[in-house]
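Undergrad: structure, please.
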Amino acid sequence: MNFRLVFKLTGKTLMVAACTMLFPLLVTVYYREDPRPFLFTIPVILLVGLLLSRLKSSDHFFPREGFFTVALIWLLMGALGALPFFLFGRLYPQLGLFHSYVDCFFEAVSGFTTTGATILTAIEPLPKGLLFWRSFTHWLGGMGVLILTIALLPGLGARTLHLMKAESPGPIVSKLVPKTSQSSKILYGIYCVLTLLQVFCLRLAGMPWYDSFVHAFATAGTGGFSTRDLSVAAYASPSIEIIITIFMLLFSINFALYFLVLCGKVRQALQSDELRFFLAVVGGSIVLSALNISHLYSTAGESIRHAAFQVASIISTTGFASTDFNLWPEFSRMLLIILMFIGACAGSTGGGLKCSRVLLMLKCIHRETRRVVHPRSVNVVKLDGKVVEEEALHSVLVFSVAYATIILGASLLVALDDFSFGTTFTAVVSCIGNIGPGLELVGPMGNFSIFSPFAKIVLSLCMIVGRLEVLPILVLFSKNAWKQN
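TA: Now for the predicted structure:
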């Protein structure tokens, strides 16, 4: 393990992260709020980043170092990104919003991993600068802090494709263009354009500029942090709900498809098997949910709007709420739990298993069925007309087993708090799927403050495991990864 290069890359990423804190600091100054939480945090992160980035190292960098670097960076981002919350809690204890550093760590990790789960019982008392930082962590974590670093600092002195593979979601990761840094710039360019487009759409729908930016950040990162206690439902605006629904789905699609559209390959983009599967699941779920909840709302249009919003919110793993779906019939709630597992498309900012993995698993089941009927036949699994290598199929199987094992293990640990199965299980599933709300006590109108510090740490680790898709964290805790050679 080339620890010096790992720490050097970590330092450079932390320096970029410290610079991004200037934006919430400017918001704090603009609204004449207390800037001390950011004035203290920024120099600390800059100093740590500067010391690490000045280490001299060789260019020995392979996949093991890539996974190790990504896992270390995400743990540090959660630990250091929690400082503004922690300092605010110490400066204003009378508000009772952040009781401990564990709470702050949970909130920061939930932000960066785009989970959107919160320990806050009241959101609106927070200052605008802190709320801005809270949602801006979604935007940073959505595309990935390391991908941002690669885009801004192309000369990292390492094989950046290993970093991109370790941080990017999906079973198959490839560059859009030959240079990884150029691919990162293209991804962030598309990301920024879509975010700004949503900001202007929300403003036209009547949402204030500040709220428009905050909700656009949360939608782009498919995170779900809002400025209001009732989330999007507080605005009581069908037009705002429709806009956010559309953009939640747009950010759930593989960004490589947008690149194909920009290159004029629209037909190729529309022929994506994963895209078709995603749209079929979304369309079918909206129809079934709308029919099941029709008796709860006065018109068919209202039922369809709420069904579409919540389906988009859950499958994109954004976690916004336009209504309390905890009160929906059992069929619709079970359907939402299934969507929690499926998740968004690979290469998007969404979480979950990813549609490509679910589709590949279904194709593997179909292949095994054909083998039983025709033992001598030769069957291959194809995606987008191309044969999927057995190694990729094996990785999908390993990931799925590891994903399920972690859910069961984490549920057992969180169950020590002695809450109901629905609360415990959906809390774990929502955290590892980076979704946010679960059911019962952690539903859309609830929060995670009910859990013990130990359970919050377990759930925080679940968020990071889900965002990095298991392997980087497993590598970090593997004794073989710590060996020098």
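
Undergrad: hey, where'd the helices end up in the stretch 251-400 of the chain?
TA: Using DSSP state H, counting those that start in this stretch, the helices assigned to the stretch 251-400 of the chain run over residues 255-262, 266-270, 273-293, 300-315, 330-342, 355-373, 390-414.

Undergrad: now tabulate the ones you listed in JSON lines and tack on mean pLDDT.
TA: Shown next, in JSON lines, are the helices of the stretch 251-400 of the chain (pLDDT from 0 to 100):
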{"stretch": "helix 255-262", "mean pLDDT": "87"}
{"stretch": "helix 266-270", "mean pLDDT": "88"}
{"stretch": "helix 273-293", "mean pLDDT": "94"}
{"stretch": "helix 300-315", "mean pLDDT": "94"}
{"stretch": "helix 330-342", "mean pLDDT": "92"}
{"stretch": "helix 355-373", "mean pLDDT": "87"}
{"stretch": "helix 390-414", "mean pLDDT": "89"}
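
Undergrad: of all the ones you listed, which lies closest to residue 439?
TA: With Cβ to Cβ, the closest approach to residue 439 among the helices of the stretch 251-400 of the chain belongs to helix 330-342: 6.2 Å. In short, each C-beta sits where N, CA and C put it, glycine included.

Undergrad: quick one: closest of the helices of the stretch 251-400 of the chain to residue 72.
TA: Per Cβ to Cβ, nearest to residue 72 of the helices of the stretch 251-400 of the chain: helix 390-414, 19.2 Å.

Undergrad: can you give me the strands in this protein?
TA: 382-383, 386-387 (DSSP state E).

Undergrad: quick one: closest of the helices of the stretch 251-400 of the chain to residue 224.
TA: That would be, of the helices of the stretch 251-400 of the chain and by Cβ to Cβ, helix 300-315, which comes in at 7.3 Å.

Undergrad: in the stretch 51-200 of the chain, where is pLDDT below threshold?
TA: 57-63, 145-181 (pLDDT under 70).

Undergrad: contact partners for the residue most central in space within the chain?
TA: In the chain, the residue lying closest to the centroid (Cα atoms, centre = their mean) is residue 114, at 3.4 Å. Applying Cβ atoms under 8 Å, 6 or more residues apart in numbering to residue 114 gives the contacts 138, 141-142, 221-224, 317, 349, 351, 434, 467.

Undergrad: repeat for residue 210
TA: 27, 128, 132, 227.

Undergrad: just residue 217 next, same as before
TA: 135-136, 138-139, 195, 223.

Undergrad: and residue 203, how many neighbours?
TA: 15 (other Cβ atoms under 10 Å).

Undergrad: what of residue 82?
TA: By other Cβ under 10 Å, the residues close to residue 82 number 24.

Undergrad: same check, this time on the one 10 residues further on
TA: A count of nearby residues for residue 92, using other Cβ under 10 Å, gives 16.

Undergrad: tell me the most packed of the contacts of residue 217, by neighbour count.
TA: Going by other Cβ under 10 Å, residue 223 tops these with 34 neighbours.

Undergrad: so residue 377 touches residue 370, yeah?
TA: Yes. Applying Cβ atoms under 8 Å as the test, residue 377 and residue 370 come out as touching, 6.3 Å apart.
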